[in-house]
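1. below is the sequence, then the predicted model.
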Amino acid sequence: MTSALVIQNLKKTYTNGVEALKGVSLEIEQGDFFALLGPNGAGKTTIIGIVTGLVIKTAGGAKVFGFDIDKEHEKAKAQIGVVQQEVNFNPFDKCIDIVVNQAGYYGIPRSVAIPRAKKIFDDLGMADKINERGLSLSGGMKRRLMIARALVNDPKLLILDEPTAGVDVELRRGMWDYLRSVTAKGVTILLTTHYLEEAEQLCNRVAIINKGEIIASGTMKDILGRLKKETIVVNLTKPVTEEILSSLSAYKPKKTDETAMELEIGEGKGLNEAILVLNQNSFQVESIRSKTGRLEEVFVHLTSDNNPDY
Ligand SMILES: Nc1ncnc2c1ncn2[C@@H]1O[C@H](COP(=O)(O)OP(=O)(O)OP(=O)(O)O)[C@@H](O)[C@H]1O
Ligand SMILES: [Mg+2]
């Protein structure tokens with residue numbers, strides 16, 4: 001089966017000398033929900049810009065469903081819907097026009113585009129907004145409008161560059177459900193996000209980019225499996241004492257609150273044993289949670305300059 005996106009040895013040096021991509025290769029299979037993660041300035045938007053024809057590459061190549069972005073530019077572009085990082089519609093246009101006009105760029109007649117746009121607005125829960133001007137929408141709704149616009153050409157590959165940045169929890173979760181329904185229909189998704197919990201929840205494959213280079217890629221399960229240690233927060237029913245901290249020294253305990261501490265588990269230091277030590281010292285555990293998401297821990301380890309463990 002043809003891959004949805006193949007990127008080979010992509011390089012980009014901007015005119016100011018910034019080497020944004022140092023030879024990036026990636027492959028996204030059809031049907032994947034793929035997360036491209038990396039710190040600010042890592043090169044994510046540059047990759048998306050090149051694939052969508054907005055940024056001129058320095059070297060390398062890419063194919064979208066087998067269509068070369070140089071030699072078969074129009075065909076490659078027709079496969080893609082993109083939600084760019086920056087809000088970039090004409091704020092004075094009505095929502096419906098913003099989406100229907102986009103369809104026009106793909107040669108889709110208005111008679112097809114209008115009902116299609118209405119259906120998408122409906123599915124996105126913003127049917128009541130179609131006659132409002134873009135500028136009157138809230139930030140979260142603007143993002144939804146951008147998703148609607150990206151979907152109007154019925155793309156096989158949907159690329160979303162931080163679609164949930166600044167979107168509140170409820171709208172974000174609604175968007176997740178919507179994106180899940182989009183992939184369920186067979187659309188391949190490439191998502192960048194700084195919300196790692198989001199990537200962990202949604203995506204089955206992941207690549208992590210840092211300073212223009214891919215530093216890890218694989219299934220979400222593989223990447224999470226690289227986590228050797230995990231920090232947990234333990235809430236106790238009574239105040240933490242110096243004695244209990246020293247009894248748990250193997251777990252590098254850190255008192256974070258009157259009755260709470262952080263412990264590092266993994267690599268032979270199991271959670272069960274830690275709880276046993278607590279109980280033996282007559283401490284009862286009220287609750288336990290992971291300090292950060294598991295993907296976030298892997299990410300921080302991989303992208304920090306000093307990562308002897310990985
Ligand atoms: N038009 C440009 N001209 C010069 N340098 C640029 C340009 N666009 C991006 N860069 C630089 O290229 C590098 C990669 O930027 P890019 O926007 O691709 O990162 P990113 O991973 O999308 O970051 P973020 O998470 O902040 O969106 C950065 O050092 C950035 O400053
Ligand atoms: Mg970016």
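-> Structure's in. What do you need? Ligands and ions are numbered 1, 2, ... in the order given.

2. and Ile215, how far from ligand 1?
-> Distance of Ile215 to ligand 1, given as C-beta to the nearest ligand atom, to the nearest Å: 13 Å. Glycine gets a C-beta too; all of them are placed from N, C-alpha and C.

3. flag the shaky bits of this structure, pLDDT-wise.
-> Applying pLDDT under 70 to the chain picks out residues 306-310.

4. Leu10 touches Ala20, doesn't it?
-> No: if you go by C-beta atoms under 8 Å, Leu10 and Ala20 don't touch, sitting 9.8 Å apart.

5. neighbours of Ser181, how many?
-> The number of residues packed near Ser181 is 11, by other C-beta atoms under 10 Å.

6. ok, it - contacts?
-> Asp123 (C-beta atoms under 8 Å, 6 or more residues apart in numbering).

7. who in this structure is up against ligand 1?
-> Residues of the chain found near ligand 1 (C-beta under 6 Å from any ligand atom) are 14, 16, 18, 20, 38, 40-46, 85.

8. near ligand 2, from those residues?
-> Restricting the residues of the chain next to ligand 1 to those near ligand 2 by C-beta under 5 Å from the ion leaves Lys44, Thr45, Gln85.

9. among the residues you listed, name the ones in helices.
-> Counting by DSSP state H, those place Lys44, Thr45 in helices.

10. top of the ones next to ligand 2 among the residues of the chain next to ligand 1 by neighbour count?
-> Neighbour-wise, these (other C-beta under 10 Å) top out at Lys44, 24 neighbours.

11. what separation do you get for Val187 and Tyr105?
-> 19 Å (C-beta to C-beta, to the nearest Å).

12. and those two? which has more neighbours close in?
-> Val187 (20 against 10).

13. does that one touch Pro155 like I think?
-> Yes: using C-beta under 8 Å, Val187 makes contact with Pro155 at a distance of 6.9 Å.

14. joint contacts of the two?
-> Counting by C-beta under 8 Å, 6+ apart, nothing touches both Val187 and Pro155.

15. once you drop chain neighbours, what's closest to Gln84?
-> By the measure of C-beta to C-beta, 6 or more residues apart in numbering, the closest residue to Gln84 outside its immediate chain neighbours is Asp161, 5.6 Å from it.

16. next one: Leu21
-> In space, Leu21 is closest to Lys12, 4.2 Å off (C-beta to C-beta, 6+ apart).

17. for the stretch 101-250 of the chain, what spans make up the helices?
-> 110-123, 139-151, 169-184, 196-202, 220-225, 242-247 (DSSP state H, counting those that start in this stretch).

18. thank you, goodbye.
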